[in-house]
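1. Pasted the sequence and its predicted model underneath.
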Amino acid sequence: GESVGLHLPTLSVQEGDNSIINCAYSNSASDYFIWYKQESGKGPQFIIDIRSNMDKRQGQRVTVLLNKTVKHLSLQIAATQPGDSAVYFCAENIGRGSTLGRLYFGRGTQLTVWP
Amino acid sequence: NAGVTQTPKFQVLKTGQSMTLQCAQDMNHEYMSWYRQDPGMGLRLIHYSVGAGITDQGEVPNGYNVSRSTTEDFPLRLLSAAPSQTSVYFCASSYYRAHEQYFGPGTRLTVT
């Protein structure tokens, strides 16, 4: 079975609110965790990543949190906008030496932003 | 830069037919990969390559072949199409880190 999964398949938020998308993983050997955004009819787009030796990483309006104790990953989107509506995937890169690692994706969470 | 391009965008095959999905990138990326995405599922890795002349299997390689003769191109071959290969196929590339990948627009394949 897949080692990367998601707690909720859908998430609806109002424009301007903060969004939190959660992800659970089971493989302790993963050295990178990554979030991708996929808009309808398009390929996934890289958002942000975090190394396994970090707890938190911030980008533009996004923050990724990693809790290795409970093997949990989350993506926080501040001031969610209609353009944020998409499917969000978490993925893990397994194996030391990221150039040779494999990427395993979770099933995704559909985020819908209401005006 | 065109980024990652894939052709065709749509394809319908009959069971047993063969075809090649094309993927090209103009970013001089060393790492390239192929994924399939089924409805309601995440992406699953088929094959990947860390450079010209080097390929390796991913999670679901059966029924697919790849080769990497140049840095730019990474074609995916279906040897004998089966209905179970109906899916959307994505090609991706990255400079050196497998996780920060740029994806193409996808090829929607239907096998009847």
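-> Received, thanks.
2. Name the helix or strand for residue 23, please.
-> Picking chain A for this. The secondary structure element spanning residue A:23 is strand A:19-25 (assigned by DSSP states H and E).
3. nope, chain B please
-> strand B:19-25.
4. just so I have it, where are all the helices in chain B?
-> For chain B, helices defined by DSSP state H do not occur.
5. Which residues of it lie near chain A?
-> When proximity is defined by Cβ under 8 Å from any Cβ of the partner chain, chain B lies next to chain A at B:4, B:30-31, B:33, B:35, B:40-45, B:48, B:50, B:58-59, B:90, B:92, B:96-106. Backbone N, C-alpha and C define where each C-beta goes, glycine included.
6. Which ones among those residues lie within strands?
-> Among those, the members falling in strands are B:4, B:31, B:33, B:35, B:43-45, B:48, B:50, B:90, B:92, B:102-103 (criterion: DSSP state E).
7. could you dump those to CSV with neighbour count, distance to residue A:42 and pLDDT?
-> CSV is the format used below for these (neighbours: other Cβ atoms under 10 Å in any protein chain shown; distance: Cβ to Cβ, whole Å; pLDDT from 0 to 100):
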residue, neighbour count, distance to residue A:42, pLDDT
B:4, 23, 12, 97
B:31, 23, 21, 90
B:33, 27, 17, 94
B:35, 27, 14, 96
B:43, 29, 13, 92
B:44, 18, 18, 94
B:45, 22, 19, 93
B:48, 26, 21, 92
B:50, 19, 26, 88
B:90, 26, 10, 98
B:92, 27, 13, 95
B:102, 20, 12, 93
B:103, 23, 8, 95
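8. which stretches of the chain aren't confidently modelled?
-> Reading this off chain A. Scanning chain A with the threshold set as pLDDT under 70 gives A:1-8, A:95-101.
9. ah, I was thinking of chain B
-> Per-residue confidence for chain B (pLDDT under 70) gives these ranges: B:97-99.
10. quick one, phi psi at residue 60?
-> Chain wasn't specified; assuming chain A. The phi/psi pair for residue A:60 (degrees, to the nearest 10) reads phi -80, psi 110.
11. give the contact list for residue A:85.
-> When contacts are counted by Cβ atoms under 8 Å, 6 or more residues apart in numbering or on different chains, residue A:85 is found next to A:39, A:111, A:112, A:113.
12. on that earlier part again, show me what the helix or strand that the strand holding residue A:23 is followed by is packed against.
-> Towards the C-terminus, the helix or strand next in line after strand A:19-25, according to DSSP H and E, is strand A:30-38. For strand A:30-38, the elements it packs on are strand A:19-25, strand A:45-51, strand A:62-67, strand A:86-94, judged by 3 or more Cβ pairs under 8 Å, 6 or more residues apart in numbering or on different chains; DSSP states H and E.
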